[in-house]
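# Fold the following and give me the result.
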Amino acid sequence: MSSLLIQECDYHMHSTASDGSLSPTALMVFAAEQGIKELALTDHDTFDGVAEATAAAEQQGIRLIPAMEFSCNWLGITIHLVALWPQGLNQAAHDLAEAQRKARWSRAEQIIERLAKTAAPLELATVLKYSNGGVPGRPHFAEAMVAAGYVTNHSQAFRKWLGSGKLGDIKGHWKLLSEAVPWLVETGAFVSLAHPQHYKLTRSKRKRLVVAFAEAGGHAIEVVSGQQDPQQTQSLVRLTQELQLKSTWGSDFHHPGIICPAPGRYAALPDTCIPLSQVFNR
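Numbering: from 1, shown residues only. A predicted model of the protein is given here:
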């Protein structure tokens, strides 16, 4: 493959293996249509879509890095890490994914138990219809709530029941950030802190998060996630420089449409961004 431009790379996107709406194959085709040549499939806490995506990416002439978006806990807040395995997945990585799968099933069952005591009860079998039988995430619960008539849209489901601090926001089963990062690194993962600007944190608390991530052995910050303010980007770049971290970026693609940025559609990238295949080969 010829040398890459940073605009041809996207290291954060989702398929139907977690909470995206395109199959891994359809996502690779769509990414290729957008001009993407290097990407990571980062479904939540699973590698279920990687094998299919790898075959489809090869057909499309795309370099795919096996990856996942890993959930952990920091000061009672659910934090996401983009973990990439440039040398390919190994047994330790698969063991890690299995532990996360069990944690996600436990969370789903706890959400069902909590909702049973409210005006918006759901059956697990109903929610599984929206996750194609796989481990359901909160977006799948939101779909079930809309279908049941409890709420009018996904946003309302999160505001009332599923969002941060609400009844369906269960975090106790995730590993602490200080444990999760070394665990990932030990499996051979390159670990980036996902979308630091998306967490509802003050500037000083966001810096504390990034410092804790760096002290735990993290490698990079996702300096651009979808569309964001240039000042936010520069703030994150300064943190990478201060803490000697590398930069990653991505669209955080879930669904085609106006609201969700397509693969490769994100805010302007800073000069610190280098295609990760080049970073890994250094």
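# for stretch 37-47, the distance to its chain's centre please.
Its chain's C-alpha centre and that of stretch 37-47 lie 8 Å apart, by CA atoms, centre = their mean, to the nearest Å.
# what comes up buried for stretch 72-86?
Cys72, Asn73, Trp74, Ile77, Ile79, His80, Leu81, Val82, Ala83, Leu84, Trp85, Pro86 (16 or more other CB atoms under 10 Å). For glycine as for every other residue, the C-beta is placed from the backbone atoms N, C-alpha and C.
# Identify the single longest helix in this structure, thanks.
helix 91-115 (DSSP state H).
# What strand or helix carries Arg208?
Assigned by DSSP states H and E, Arg208 falls within helix 203-215.
# quick revisit: tabulate the buried residues of stretch 72-86 in CSV, adding columns for secondary structure, pLDDT and distance to Asp95.
Shown next, in CSV, are those (DSSP: H, G, I helix; E, B strand; the rest coil; pLDDT from 0 to 100; distance: CB to CB, whole Å):
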residue, secondary structure, pLDDT, distance to Asp95
Cys72, strand, 95, 16
Asn73, strand, 94, 20
Trp74, strand, 95, 23
Ile77, strand, 90, 26
Ile79, strand, 95, 21
His80, strand, 97, 20
Leu81, strand, 98, 17
Val82, strand, 98, 19
Ala83, strand, 98, 14
Leu84, strand, 98, 17
Trp85, coil, 98, 13
Pro86, coil, 97, 19
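# of all these, which comes closest to Val135?
His80 (15.8 Å; CB to CB).
# How about that closest one: what's its closest non-neighbour residue?
Ranked by CB to CB, 6 or more residues apart in numbering and with sequence neighbours excluded, the top spatial neighbour of His80 is Ala194, at 4.0 Å.
# And the contacts of stretch 175-185?
70, 72-74, 79, 81, 83, 96, 174, 191, 209, 212-213, 216-219 (CB atoms under 8 Å, 6 or more residues apart in numbering).
# How about the helix holding Arg208, which residues are buried there?
Buried residues in helix 203-215 (16+ other CB under 10 Å): Arg206, Lys207, Leu209, Val210, Ala212, Phe213, Ala214.
# now do stretch 4-21
So stretch 4-21, judged by 16+ other CB under 10 Å, has buried residues 4, 6, 8-21.
# partners of the spatially most central residue of the chain in the sheet?
The chain has Glu69 as the residue nearest its centroid, 3.6 Å off, counting by CA atoms, centre = their mean. Beta bridges link Glu69 to His44, Val82, judged by DSSP bridges.
# what about dumping the CA coordinates of stretch 245-260 to PDB?
Listed next in PDB are the C-alpha coordinates belonging to stretch 245-260 (Å, rounded to 0.1, in the frame of the first residue of the first chain):
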ATOM      1  CA  LEU A 245       1.700  11.000  24.500                       C
ATOM      2  CA  LYS A 246       0.900  10.300  20.900                       C
ATOM      3  CA  SER A 247      -2.200  11.300  19.000                       C
ATOM      4  CA  THR A 248      -5.100   9.300  17.500                       C
ATOM      5  CA  TRP A 249      -8.300  10.400  15.900                       C
ATOM      6  CA  GLY A 250     -11.600   9.100  14.400                       C
ATOM      7  CA  SER A 251     -15.100   9.800  13.400                       C
ATOM      8  CA  ASP A 252     -16.700   7.600  16.100                       C
ATOM      9  CA  PHE A 253     -19.000   6.500  13.300                       C
ATOM     10  CA  HIS A 254     -22.200   4.500  14.300                       C
ATOM     11  CA  HIS A 255     -24.900   5.200  11.700                       C
ATOM     12  CA  PRO A 256     -25.100   6.800   8.200                       C
ATOM     13  CA  GLY A 257     -26.800  10.100   8.200                       C
ATOM     14  CA  ILE A 258     -26.500  13.800   8.900                       C
ATOM     15  CA  ILE A 259     -26.100  13.600  12.700                       C
ATOM     16  CA  CYS A 260     -23.300  11.000  12.800                       C
END
